[in-house]
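1. Only the shape, not the letters, is given here:
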């Protein structure tokens, strides 16, 4: 049992590395451009720096999806994998390399199953038409699924405009979203006002060093009880006669 599991894990690792290794050259090209032309590179160039972000965001994930689709179902699978990957890439704000490694093989596997289901049921002369339309219909569905479902999973956080994410982040034991990222009120400063520890002190009571609120046992410098007992009290009123300093 252990050997069988080990063999499956090794097979999966070999398949994933097969998507990455053919595209190492593209990664090296991106790395060279990044090292040379970004603002902190060796030869900063504002114009050439525009190549860095699109290459990482679009080219690399699409290449991963194409390669994974090709490994599953040849060129037809590569096209299906690319179509499925672009939905994930467009819907994310980060480089979706993992999304490409998932959606590429998945799209290729799905078009492979569709071709198996249609095999022997297409009239002669209509094969190209059926192949193209089946690819287009499945590709459109995969783009929508990648854009709406897969992207929020890998993009790093839920979208609270989505009612499903809002439901999962609601109160109760069934919540799946950590409390620190839940929206809505419920905490100091949640309503947009100043934090209680940062509110201004009452008039005449300067806050302690650091900008916090004055505590109940803190007295303002120069007020009653501060410094010499013979000094004047707040407001310029002289101290009582019995407390005046003797000459």
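-> It's in. This structure is a prediction, so every number in the text was calculated from the model and none was measured. Numbers count the residues shown, from 1 in each chain.
2. My guess is residue 94 contacts residue 88. True?
-> No. The criterion here is CB atoms under 8 Å, and residue 94 misses it with residue 88 at 10.8 Å. Bear in mind the C-beta positions are built from the backbone N, C-alpha and C, glycine included.
3. of the two, who's got more company?
-> residue 88 (29 against 13; other CB atoms under 10 Å).
4. Pull out the buried positions in the helix or strand hosting the more buried one.
-> In this structure, residue 88 sits in helix 60-91 according to DSSP states H and E. Residues of helix 60-91 classed as buried: 60-73, 76-89, 91 (neighbour count, 16 or more other CB atoms under 10 Å).
5. contacting residues around residue 43?
-> 36, 37 (CB atoms under 8 Å, 6 or more residues apart in numbering).
6. Likewise for residue 46?
-> Residue 46 touches nothing, counting by CB under 8 Å, 6+ apart.
7. do the same with residue 39
-> Residue 39 neighbours (CB under 8 Å, 6+ apart): residue 49.
8. again, only this time at 10 Å
-> Residues near residue 39 by CB atoms under 10 Å, 6 or more residues apart in numbering: 45, 46, 49.
9. Which of the residues you listed sits closest to residue 6?
-> residue 49 (45.3 Å; CB to CB).
10. quick one: low-confidence parts of the protein?
-> 156-247 (pLDDT under 70).
11. can you give me the helices for it?
-> 2-20, 24-37, 52-54, 60-91, 97-118, 127-145, 151-154, 163-168 (DSSP state H).
12. Deepest in the core, which of these is it.
-> Across the helices of the chain, averaging neighbours per residue (mean count of other CB atoms under 10 Å) puts helix 60-91 on top, at a mean of 24.
13. what angle do that helix and helix 127-145 make?
-> 60 degrees (axes from the mean of the first three to the mean of the last three CA atoms, to 10 degrees).
14. change the start of the numbering to 20 and stick with it
-> Okay, using 20 as the starting number, the last item reads as helix 79-110.
15. Could you double-check that residue 123 sits in contact with residue 80?
-> Yes. Here residue 123 reaches residue 80: they are 8.8 Å apart, a contact under CB atoms under 10 Å.
16. Next, show the common contact partners of those two.
-> Joint contacts of residue 123 and residue 80 (CB under 10 Å, 6+ apart) are 101, 104, 107.
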